[in-house]
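>>> Sequence and predicted structure, then a few things I'm wondering about:
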Amino acid sequence: FAILLRRAGKFIASLNAVWIIASCMFQFTNFFDRCYCNSSVFGLGAAAYNVILPQMVDLVGMRVAWIGGVMLAGGTAFLFLAFVYLLVNPTLPE
């Protein structure tokens with residue numbers, strides 16, 4: 001039974017990895033950049049709307065959010081690398 005669970009877990013992890021790569025590819029190729037996806041039709045139904053022309057205030061807010069996101073991602077990566085560097089004890093040659 002343990003072998004079946006292990007294989008099922010690896011299969012689900014593989015499907016998750018494929019889904020993440022596919023989602024990133026769709027985002028990169030502007031597959032989701034459509035009026036239907038941009039206007040929140042799934043959640044709002046007939047009351048959905050789409051902002052076509054962003055204002056300068058919107059662009060400033062988006063830039064601040066992007067800078068914050070990149071800083072948080074970079075900080076997380078730096079902390080992970082510092083953790084690995086400090087806590088991994090390599091075997092020293094004799």
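That came through, no problem.
>>> Neighbours of Y49, how many?
10 (other Cβ atoms under 10 Å). C-beta coordinates here come from the backbone N, C-alpha and C atoms, glycine included.
>>> the bottom helix or strand of this protein by mean pLDDT?
One helix or strand of the chain scores below all others by mean pLDDT, DSSP states H and E: helix 35-38, with a mean of 62.
>>> T29 and S23, how far apart?
To S23, T29 is 11 Å away according to Cβ to Cβ, to the nearest Å.
>>> Tell me which of those two has more neighbours.
S23 (12 against 9).
>>> How is F26 assigned, secondary-structure-wise?
Per DSSP: H, G, I helix; E, B strand; the rest coil, the secondary structure class of F26 is helix.
>>> residues touching it, list them.
Neighbouring residues of F26 by Cβ atoms under 8 Å, 6 or more residues apart in numbering: F32.
>>> cool, P54 as well?
The contact partners of P54, by Cβ under 8 Å, 6+ apart, come to M62.
>>> shaky segments in this protein?
34-42, 51-52 (pLDDT under 70).
>>> what about the helices in it?
2-28, 35-38, 41-44, 56-87 (DSSP state H).
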